[in-house]
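**Q** Sequence and predicted structure below; questions after.
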Amino acid sequence: MISRRTLLVTGGAGAGLALAWAVWPRHYAVDLAPERNETAIGAWLKIAHNGRITIAVPQAEHGQGVYTTLPQIVADELGADWRTIGVEAAVPGPTYANPLAAAALFGGGLAHVPDAIRREHWVRSGLVLTGGSTSVRMFEAPLREAGAAARVLLTKAAAKRWGVDWEQCDTADGFVVNGNRRLRFGELAAEAAGFDLPEELPLRFGDEGRLSGQSLPRLDAPAKVDGSVNFTADVRLADMVFATIAQGPAGVARSRLVRVDKPAADRVRGVTGVVENPHWVAVVANTSWAAIQGLAALRPRFETRGGLADSAAIDAGLEAAFERPGLAFARQGEAADELAGDVARASYAIGPGVHASLETPCATAWWHSDRLELWAPTQAPGLARAAAARAIGVSEQAVTIHPMVIGGSFGRALDHEAVEQAAILAATLRRPVQLLWTRREATLHDRFGAPARARMAARLASDGRILDWQARIATPATGAALTDRLLGHDALARSTMFLPERADGYAMAGAVPPYAFPAASILHHPADIPLTVGHLRGGAARANAFFTECFIDELAHRAGTEPMSYRIGMLGHDPQLARCLSTAAALGEWDGGAAGTGQGLACHAMAGSRIALVAEAQQDGSGGVKVDRIVAAVDCGRAINPDVVRQQVEGGILLGLALATGRTPRFTAGLADTRTLGDLRLPRLADTPEITIELIPSRGDPGGVSDLGVVAVAPAIANALAAAAGNRPRTLPFGAS
């Protein structure tokens, strides 16, 4: 038996969760348990007799390349042939829990609980999550150990056949080798599983010629190109019907369904039924288009008592937050509560952020044999499964969920309203049903990136140096909101409900500047606004980095100092970020950011990574913003797959560009003025600037990159616009009043 290493113990995965789409093989299965002619080498991989290696990936694939980078770590340590690697989604359980993502998302809501207790609780409860740029940071170590353990076992099996010491053997390209002798992994796997492991595993990452650090082709790309990958909307089951849904106006209060025109919906060809719920109504049809047409004919009416989303009320709530004492988030030196002397001040604002992913909330559900089977795009499969079970009043063991590949998410797939609704529809109809939200519904009932306001102040020395930094930030307590909404039934979360309020760690992420000041204070002013907020790629740092980097730029110009030098002068403790700044400046032909240059610069550090950006931008003739060029320098530690890192940084930059230059919804009586992707004025190919990304070589531990580009691009553009025309934008998006 395999012993000594808990990483090789098959985790306590509960029955009822099934695997998602796999790159190879492409089929659904119950778990990573071996099929015919396969041998499981612990909880992370199995090897088939023909040499195929299947690796369990506990993170959702929604475009970030995790189905490539995580298997690449295992293959690197194992000495595998990349052409034999496939992936399957891991079954939620303690082995695959991601407490690092949980801390990033829910830490603000559980700030009273010690880190060690939170981590232990999240691991024991098998909380599988994707978010917060944590995939590689969380799983590199266990995956390297898994690959090394399998390598040792295979070499022991080969060594026994050859009559040599296993330490005289090595692996390469899917073979165990000893001199001129070679044996394929598939020939040895069954025998290898019977050996014991040494107390210490010999790790070998970083060796020359290994897979780590190579830009290997993405495993998910071929299926996405040829269309063979299955998204949730691709699922087809016998006797399946299609549904779409309408809910009440947006806001924090639940609406009540009061009236529908059911006869009108029934007259639409293809409509097979209408399902009414106290808070929503769904039209069921034999095609999705018929369901949409039927919903339009249904003309549902809702009643909402208070709490409707309204932009004026949102703005008022943010401003009112400043009238209450702020909660201390960070403090250093002898920071003064009220600054005196030569004090610079500025106020900034950022509007709600829309996810606008291509795939709207959806789920396919099937009630059969007293069990519910679900296919859904989810970043939290265990939480989605539990929510579906509660929605129809069954045990979690009666629910099977297939976590699907996600058609973009940016954090939206953490929530699972569509899963609950599909479960209710399937249990009501007693037949398979596929629920797909319309774009209007997805935009109206988004879990928005939180709006925020900042009042920044700095006491300056006569030479312009910052002596005391103060940031007062008004924004909802998003971490507490996520904790309540997603973990509301968790015992640990419930135990903290009545404890004193603290600064929200999620809401204040990125608010502490990377610079060294003699004194600084960062205050959170929790805002009560009529808008449901959630996790959006970049997190709160997309707002807080904007506040910091714009204000730093203003202070540099006030001091008459070139903005890059001004920043580097405060980064003696962080040479990596200073190097990113100098590299971006060199590649971007930085000209000092003087008036008329149209150049702006910004930097940020998060998730163990650092980025600096130089942007060239100007106002176009119609009052919009034209960004011509962006140059980024990134230090993210060891890059497992450099091309995937570049893709993620570039994708983050483009999302940040969309959030900065597009439109944010304005609400009146719970209705948004943005209903389609066109209404959001997202950048098109013609609007996309030339983007250059330079990865700085590093031997440091890998950092997160998915959020990195999002947070740095807006302040760089704002600083470029200030340099271009002298008018500094202090509100995001730039077209907002």
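**A** In hand now; what should we look at? Numbering: from 1, shown residues only.

**Q** contact partners of stretch 382-397?
**A** Stretch 382-397 is contacted from outside by 14-17, 92, 126-128, 365, 372, 374, 376, 378, 398-399, 401, 403, 416, 419-424, 427, 486-487, 489, using C-beta atoms under 8 Å, 6 or more residues apart in numbering. Heads up, the C-betas are built off the backbone N, CA and C, glycines and all.

**Q** What residues of the longest helix seen in the chain count as buried?
**A** Longest helix of the chain, by residue count under DSSP state H: helix 135-162. By neighbour count on 16 or more other C-beta atoms under 10 Å, the buried set for helix 135-162 is 135-140, 142-159, 162.

**Q** Next, I401: secondary structure please.
**A** I401 falls in the strand class when you classify it by DSSP: H, G, I helix; E, B strand; the rest coil.

**Q** and it, how many neighbours does it have?
**A** 28 (other C-beta atoms under 10 Å).

**Q** go on, L110?
**A** 26.

**Q** Next: the one 3 residues further on.
**A** Neighbourhood size, V113 [other C-beta under 10 Å]: 18.

**Q** I'd guessed it sits against A493; true?
**A** No. With contact defined as C-beta atoms under 8 Å, V113 does not reach A493; the gap is 9.1 Å.

**Q** quick one, phi/psi of W82?
**A** phi -60, psi -30 (degrees, to the nearest 10).

**Q** Now do the contacts for it.
**A** Applying C-beta under 8 Å, 6+ apart, the residues near W82 are Q72, A75, L211, L216.

**Q** go again using 10 Å as the cut-off
**A** 53, 68, 71-72, 75-76, 173-174, 211, 214, 216-217, 219 (C-beta atoms under 10 Å, 6 or more residues apart in numbering).

**Q** again, but for G251
**A** With C-beta under 10 Å, 6+ apart, G251 has these contacts: 304, 306-310, 313, 445, 529-532, 667, 669-670.

**Q** on that earlier part again, export the contacts of W82 to JSON lines and tack on secondary structure?
**A** Shown next, in JSON lines, are those (three-state DSSP):
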{"residue": "I53", "secondary structure": "strand"}
{"residue": "T68", "secondary structure": "helix"}
{"residue": "P71", "secondary structure": "helix"}
{"residue": "Q72", "secondary structure": "helix"}
{"residue": "A75", "secondary structure": "helix"}
{"residue": "D76", "secondary structure": "helix"}
{"residue": "D173", "secondary structure": "coil"}
{"residue": "G174", "secondary structure": "coil"}
{"residue": "L211", "secondary structure": "coil"}
{"residue": "Q214", "secondary structure": "coil"}
{"residue": "L216", "secondary structure": "coil"}
{"residue": "P217", "secondary structure": "coil"}
{"residue": "L219", "secondary structure": "coil"}
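
**Q** Restricted to buried residues, select those residues in PyMOL.
**A** Selection of buried members from those for PyMOL, criterion 16+ other C-beta under 10 Å:
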select buried, resi 53+68+71+72+75+76+174+211+214+216+219
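
**Q** could the contacts of W82 go into CSV alongside distance to A615 and pLDDT?
**A** Below are the contacts of W82 laid out as CSV (distance: C-beta to C-beta, whole Å; pLDDT from 0 to 100):
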residue, distance to A615, pLDDT
I53, 43, 97
T68, 29, 97
P71, 35, 97
Q72, 32, 97
A75, 37, 96
D76, 36, 96
D173, 44, 95
G174, 45, 96
L211, 35, 92
Q214, 31, 94
L216, 31, 95
P217, 31, 94
L219, 33, 93
